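# quick one, structure for this:
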Amino acid sequence: MKRLKNFIFLLAAAPVMAFAAGATVHLDKAPVNLSDRESLQRGARVFVNYCLNCHSASSMRYTRMEDLGLTEDQIKANLLFAADKPGETMKVGMTKADGKAWFGATPPDLSVISRARGADWLYTYLRGFYRDESRPTGWNNTVFDKVGMPHVLWSLQGEMVPVMKKDGEHEVIERLELAKPGSVTLAEYDAMVGDLVNYLVWMGEPAQLKRKQVGLMVLAFLAIFFVVAYYLKKEYWKDIH
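Numbers count the residues shown, from 1 in each chain. This next block holds a predicted model:
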């Protein structure tokens, strides 16, 4: 019984502890707009070109991107690099064992990463890489300290370095500064990451826009039906009341 009580307490306290553990990390607001098809298409392009080399999305088929306004021919010509047919799922050739050996941990499947981490976390994380020569990859991250993932987008963003400040007896990162420019400006890089996160959120639940539309229709129907049912009830019970 005592173990059961302790287990229930841990379950109840888990969200509070998780919040407290991440409370020191500031998360920027991700520009998510699932109605912006052009943004989703750009995000899909970034995902296929930069993320799909190591990370799979095994719950997503290429053909599902037709919902973004792309034709099958466009998917074949521009996005189908790791598969032979559009109907295949987004898998990678790298094995779990190789991923663990190269990065220290197997790169996670990104099918529902936006639902696991949250859009704001992903947006801040992808913009939070900085040079750290003490790390095996040469990179660290303000959101995910001692991250095993290298900064695969560094040629676009450039090399960021931390500016430190005193926090009591310790030094902490105050902000990141651009030490070596990339091929795009920081504003353009932020916009590109925003498109990528937008796509990751869509990929986590491609039917969510339709689900919300159906939900609104159901609520509207129930509201109308309530009025009809109310007056029908009054008509049936008028002789009793």
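# can you list the low-confidence ranges for the chain?
1-23, 241 (pLDDT under 70).
# can you pull out the helices in it?
For the chain, the helices defined by DSSP state H occupy 2-22, 37-46, 72-78, 96-103, 113-117, 119-126, 154-157, 186-204, 208-236.
# for residue 143, which of these is the nearest?
Proximity to residue 143 (Cβ to Cβ) singles out helix 119-126 among the helices of the chain, at 4.4 Å. Yep, even glycine has a C-beta here, placed from its N, CA and C like the rest.
# burial of residue 130, as a residue count?
Look at residue 130: counted by other Cβ atoms under 10 Å, it has 19 neighbours.
# same deal with residue 201?
Neighbours of residue 201 (other Cβ under 10 Å): 23.
# residue contacts, the residue sitting nearest the centre point of the chain?
The centroid of the chain falls nearest to residue 114 when counting by Cα atoms, centre = their mean (2.9 Å). Listed by Cβ atoms under 8 Å, 6 or more residues apart in numbering, the contact set of residue 114 reads 122, 197, 200, 201, 203, 204.
# equivalent analysis for residue 60, please.
Contact analysis of residue 60 by Cβ under 8 Å, 6+ apart lists 89, 90, 111, 203, 206.
# distance to residue 176 for those - can I get that in JSON lines?
As requested, the contacts of residue 60 are exported to JSON lines (distance: Cβ to Cβ, whole Å):
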{"residue": "89", "distance to residue 176": "36"}
{"residue": "90", "distance to residue 176": "31"}
{"residue": "111", "distance to residue 176": "29"}
{"residue": "203", "distance to residue 176": "27"}
{"residue": "206", "distance to residue 176": "33"}
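# between those residues, which is nearest residue 44?
Distances from residue 44 to these, taken as Cβ to Cβ, are shortest for residue 203 (8.3 Å).
# how close does that closest one sit to residue 60?
From residue 203 across to residue 60, the span is 6 Å (Cβ to Cβ, to the nearest Å).
# next one: residue 202
From residue 202 to residue 60 the distance is 10 Å (Cβ to Cβ).
# before we move on, back to that, quick check on the contacts of residue 60: which are buried?
90, 111, 203, 206 (16 or more other Cβ atoms under 10 Å).
# pretty sure the last one is touching residue 63, no?
No. The criterion here is Cβ atoms under 8 Å, and residue 206 misses it with residue 63 at 11.1 Å.
# give me the number of residues near residue 176?
Neighbours around residue 176, by other Cβ under 10 Å: 17.
# gap between the two ends of stretch 79-95?
With Cα to Cα, to the nearest Å as the measure, the ends of stretch 79-95 fall 21 Å from one another.
# centre of the chain versus it, how much separation?
Offset of stretch 79-95 from its chain centre (Cα atoms, centre = their mean, to the nearest Å): 20 Å.
# what number of residues lie near residue 97?
Neighbour tally, residue 97, other Cβ under 10 Å: 9.
# ditto for residue 190
Using other Cβ under 10 Å, residue 190 is surrounded by 17 other residues.
# swap in residue 170?
With other Cβ under 10 Å as criterion, residue 170 counts 8.
# separation between it and residue 108?
30 Å.
# follow-up on the earlier one: how far away is the residue nearest to the centre of the chain from residue 154?
For residue 114, the distance to residue 154 (Cβ to Cβ) stands at 23 Å.
# measure residue 41 to residue 127 for me?
From residue 41 to residue 127 the distance is 21 Å (Cβ to Cβ).
# mind checking which of the two has more residues around it?
Per other Cβ under 10 Å, whichever of residue 41 and residue 127 has more neighbours is residue 127, with 21 against 18.
# residues touching the nearest residue to that one once chain neighbours are set aside, list them.
Leaving out its chain neighbours, the residue that sits closest to residue 127 by Cβ to Cβ, 6 or more residues apart in numbering is residue 193, at 5.7 Å. Residue 193 sits next to 123, 126, 127, 153 when contact means Cβ under 8 Å, 6+ apart.
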